[in-house]
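Chemist: Let me see the structure of the following:
(2 chains)
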Amino acid sequence: MRVAIAEDSVLLREGLARLLGDAGFDVVAQCANADELRLKVNSYPLDVAVVDIRLPPTHKDEGLVAALEIRARHPSVGVLVLSQYMELGLAMKLLSDSAEGVGYLLKDRISEVKDFVAAVRRVGAGGSVIDPIIVSTLLSRRRSDDPLAALSPRERQVLELMASGSSNQGIADALVITLRAAEKHVSSVFGKLGIPSTRSESRRVLAVLMFLRS
Amino acid sequence: MTAPGLSVGADSGLVRPPRQLVRWLIVLVGALAAGGSVRLALASNQLGEPGLQAALVNWITLPYIVAGVIAWSRRPDSRFGPLMVTAGFAMFLSCLQWSSASVPYTLGLLFDLLPAALFLHLFLAFPSGRLKLRLERWVVGAAYAAAMGLQLLKMVLGAGESRNVLGVVKEYGAAQTLEDVQLLALSALSVAGIGVLAIRRRGSGRPLRRSVTVLVDSFGLGLVMIAALLVAGAFESPAFETIRRATFFVIGVAPVAFLIGLLSARLSRSALGDLLVQLRAEPAPVDLSDALARALRDPSLRLAYWLPQFGSWADVDGAPTELPATGSGRATTLIERDGAPIAALVHDASLVDEPQLLDAVSAAAAIALENGRLHAELRARLEELRGSRERVIEAGQEERQRLERNLHDGAQQRLIALSLELGLLEDRLEGDPDSKRRLDQARREIGLSLEELRDVARGIHPAVVSAHGLAVALESLAARAPVPVRLSVNLEDRLPERVELAAYYVVSESLVNIAKHARATVASVDVARMDGLLVIEVVDDGLGGADTERGTGLRGLADRVEAIGGRLRIWTPHRGGTCVRAEMPCA
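Modeler: As a prediction, this is how the structure comes out:
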């Protein structure tokens, strides 16, 4: 998998490059700002870009703007956005068009080497990754009449995994159950919450998040 | 008086009108005098047509006394009323010469020509009762000297009949010559008086409003007739008696004109009232001159402002202007504060005749100008204060932003890099579970530190607001709140950063308060733009009765909102929930 990195801190940029290189990725570009990243994305065939949300010159939303632009112009390139803050509003903004090939992770996650590498791969392959903090924020949100109360503990776990972008196979692996059992749980959750079911896993992420947010 | 054409406002004290008793007494004495004159005339054996003579004299005496008393009580500041009363009584005194007794006769003869001098004085002193020009004072003084001084001399020389007790010298020829000189002199002085009147009126470029003065001026005719009468007397013209009757008739009508002129052209209270109402209007009129011109009924009026820093006068637009020179037909009334001029009314010179009106109008203008100045000063101070509060908050904000940046770029990045390093190391220690566990533990510690740092950094400055805007930032706030929050944000574009930050703090502080104190089951946050204002409402269904004074939270919020020209209001009825509403200009 070919990957580009956009991160203004040299220390982190090189650390990420090393991490992804060790994990077998072909790191084709290391960029210090958003314009460099755009240039590289336009010039090289890429599978995925790992982008810091806060990039020079203003350190405001340059990374986010670049990420959304890449998703719009290069649908085949997945974008994993890293941030030191987890903002529900930003997650919704990133996913607003499509959750396909989009990831939004807390920057701290890069030290969970295996999980992080898996996340980059998933986004590069067109899947979605949503940070557990976002999912738990949504799940812990208090509601006047909580529909989540109807879920069994196992179904709740399945919902969490779905919200963070896991596929049915991913759910089965995470919970150490069979694929069939995982599928059964998924359709049960959809049924109980009244979410229209969809076969596309990335559209499923958005549907679940929208449900949890409302 | 100050220099001619320049009067200073607010220097005249209040003059009280005479008491009612005094007024009635004067009228009573006048009536008695009139009755006495009729009796004298009827008892006289020298007068032909005594009834007509008495009627002619009283045609003058009574109107002057009555009109004089009215003028005196209505316009106590003018000496014109007392002067008219004096003229009336002088006329009566001259009647005493009809008496057959020698002392009253002598007295009457002594005052024979005084009325002529008094009429001249009246015409020249209208309407203030004061003589302003030196020439006027000369003419009137000379007339009194001729009417009284020469008369006394003439009588000492034996003029009149044998009943003249003063006639000790008996030089009849000299007395006769002196009388001719006297009459011609008085006649000449009357003509001079007409000249003075004409010069004065022409010089004043009289405004239209002075139509009443025109009426009064027409009685300058009276002076012409007095002059003619005196000449006729000197030359013993056969027409003397006819001229005398006509003159008396005209002079007897004059008081009515004087009175009308005095009462209507003087201080018009209603115009002044209108002026005050106008000057009190909010906002005060920028240019006072229109209002002042209406009140003074002088369309040519303009207002000049003194600019102490330039040492010059300027009009309302700030263009330099000059005060009129003396004798230009324009006069200036200075408006002063603490002894220094602040403005000047440049008006028609004839208004100097109406010091009371000028004083009242310039006092009103002074109040309005002072008000305007105080308002401007207050506004400037408030603006300064608002500006400094804004600067203090902005400086604090910048400092916080800088700190947050430093944390983010420094400690946080380094800790993440360190954590990554540990993670990579951990990956390589497949065969050493103990080291792996300890590395993992260290990594978790770093993770906790990062979490704490994140909270600290967010507390210092909510970077997400600056970076991604209010709508995005509020999403997380609402999601994290321990009470279910219905969030509605209707914003199309980003707003100025300070407005977004203030709005963010309003919502976050309100949600914290709801969590801490309100015991609410649900809350709502509404953010929308309305007519150039950003309106934020945070409402809960909790206990209400929040203490808006205690603690610095709400006060700090109000400071923040007010510093950018906004307003924060809180409704918190007991057991009725709490509503925090902030309005901030965001155009």
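
Chemist: Domain parsing of the chain, as residue ranges.
Modeler: Going with chain A. Taking automatic domain parsing as the criterion, chain A consists of the domains A:2-130, A:135-213.

Chemist: oops, I was thinking of chain B
Modeler: Taken from automatic domain parsing, chain B resolves into B:18-265, B:269-386, B:405-460, B:466-585.

Chemist: wait, does the shortest one make contact with chain A?
Modeler: Yes. Applying Cβ under 8 Å from any Cβ of the partner chain, one finds that domain B:405-460 is in contact with chain A at B:405, B:408-409, B:412-414, B:416-417, B:419-424, B:426-427, B:443, B:446-447, B:450, B:454, B:458. Yep, even glycine has a C-beta here, placed from its N, CA and C like the rest.

Chemist: Give the rounded mean pLDDT of that domain.
Modeler: Domain B:405-460 shows a mean pLDDT of 92.

Chemist: Would you work out how far apart the start and end of it are?
Modeler: Terminal residues of domain B:405-460 lie 10 Å apart, using Cα to Cα, to the nearest Å.

Chemist: Next: the last one.
Modeler: By Cα to Cα, the extent of domain B:466-585 from end to end equals 18 Å.

Chemist: and that domain, how far from the chain's centre?
Modeler: 46 Å (Cα atoms, centre = their mean, to the nearest Å).

Chemist: follow-up on the earlier one: would you list the domains of chain B in JSON lines and tack on mean neighbour count?
Modeler: Shown next, in JSON lines, are the domains of chain B (neighbours: other Cβ atoms under 10 Å in any protein chain shown):
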{"stretch": "domain B:18-265", "mean neighbour count": "19"}
{"stretch": "domain B:269-386", "mean neighbour count": "16"}
{"stretch": "domain B:405-460", "mean neighbour count": "16"}
{"stretch": "domain B:466-585", "mean neighbour count": "18"}
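
Chemist: Can you say which of these is nearest to A:His185?
Modeler: Each of the domains of chain B has some distance to A:His185 by Cβ to Cβ; the shortest is domain B:466-585, at 25.4 Å.

Chemist: follow-up on the earlier one: looking at the domains of chain B, which has the lowest confidence?
Modeler: If these are sorted by mean pLDDT, domain B:269-386 sits at the bottom with a mean of 78.

Chemist: now the helices: where do they sit in chain A?
Modeler: A:10-22, A:34-43, A:62-73, A:88-95, A:113-124, A:132-140, A:153-163, A:168-175, A:179-193, A:201-213 (DSSP state H).

Chemist: Tell me which of the ones you listed sits nearest to chain B.
Modeler: helix A:88-95 (3.3 Å; Cβ to the nearest Cβ).

Chemist: how many degrees apart are the closest one and helix A:132-140 in direction?
Modeler: Here helix A:88-95 runs at an angle of 110 degrees relative to helix A:132-140 (axes from the mean of the first three to the mean of the last three Cα atoms, to 10 degrees).

Chemist: Just want the angle from helix A:88-95 to helix A:201-213.
Modeler: 150 degrees.

Chemist: Can you list the neighbours in contact with helix A:88-95?
Modeler: Under the contact criterion Cβ atoms under 8 Å, 6 or more residues apart in numbering or on different chains, helix A:88-95 has outside partners A:53, A:64, A:67-68, A:81, A:83, A:102, A:104, A:128, A:130-131, A:134, A:137-138, A:205-206, A:209, A:213, B:464, B:468, B:471-476, B:479.

Chemist: Close to chain B: what parts of chain A are there?
Modeler: A:9, A:11-12, A:15-16, A:18-19, A:22, A:53-54, A:59-61, A:64, A:84-90, A:92-93, A:107-108, A:110-114, A:137-138, A:141-144, A:213.

Chemist: which among these end up buried?
Modeler: Neighbour-count burial (16 or more other Cβ atoms under 10 Å in any protein chain shown) applied to these gives A:9, A:12, A:15-16, A:19, A:53-54, A:59-61, A:64, A:84-90, A:92-93, A:107-108, A:110-113, A:137-138, A:141, A:213.

Chemist: What's the first helix or strand after the strand or helix carrying B:Tyr305?
Modeler: Here B:Tyr305, judged by DSSP states H and E, is contained in strand B:302-307. Using DSSP H and E, the helix or strand that follows strand B:302-307 towards the C-terminus is strand B:312-314.

Chemist: Show me what the very next helix or strand once past that next one is packed against.
Modeler: Following strand B:312-314 in sequence order, the next helix or strand is strand B:320-321 (DSSP H and E). In this structure, strand B:320-321 packs against strand B:312-314, with contacts taken as 3 or more Cβ pairs under 8 Å, 6 or more residues apart in numbering or on different chains; DSSP states H and E.

Chemist: Assign the residue of chain B positioned farthest from its centre to helix, strand or coil.
Modeler: In chain B, counting by Cα atoms, centre = their mean, B:Gly431 sits farthest out from the average C-alpha position, at 97.5 Å. Classification of B:Gly431 by DSSP: H, G, I helix; E, B strand; the rest coil places it in coil.

Chemist: give the contact list for it.
Modeler: Contacts for B:Gly431 (Cβ under 8 Å, 6+ apart) come out as none.

Chemist: same check, this time on A:Ser83
Modeler: A:Asp52, A:Ile53, A:Arg54, A:Leu90, A:Tyr104, A:Leu105, A:Leu106, A:Lys107.

Chemist: want to throw those residues into a markdown table with pLDDT?
Modeler: Shown next, in a markdown table, are those (pLDDT from 0 to 100):
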| residue | pLDDT |
| --- | --- |
| A:Asp52 | 96 |
| A:Ile53 | 94 |
| A:Arg54 | 93 |
| A:Leu90 | 91 |
| A:Tyr104 | 96 |
| A:Leu105 | 96 |
| A:Leu106 | 95 |
| A:Lys107 | 95 |
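
Chemist: Please flag which of those residues sit within strands.
Modeler: Counting by DSSP state E, the contacts of A:Ser83 place A:Asp52, A:Tyr104, A:Leu105, A:Leu106 in strands.

Chemist: Using neighbour counts, give me the buried entries of those residues.
Modeler: Those of the ones in strands among the contacts of A:Ser83 that meet the buried threshold are A:Asp52, A:Tyr104, A:Leu105, A:Leu106, by 16+ other Cβ under 10 Å.

Chemist: so what's the third one closest to, chain neighbours aside?
Modeler: Ranked by Cβ to Cβ, 6 or more residues apart in numbering or on different chains and with sequence neighbours excluded, the top spatial neighbour of A:Leu105 is A:Asp131, at 4.9 Å.

Chemist: Let's see the pLDDT reported for that neighbour.
Modeler: You'll see A:Asp131 listed with a pLDDT of 94.

Chemist: following the longest helix anywhere in chain B, which helix or strand shows up next?
Modeler: For chain B, the longest helix by residue count, based on DSSP H, is helix B:355-407. Of the helices and strands lying after helix B:355-407 in sequence (DSSP H and E), the nearest is helix B:413-428.
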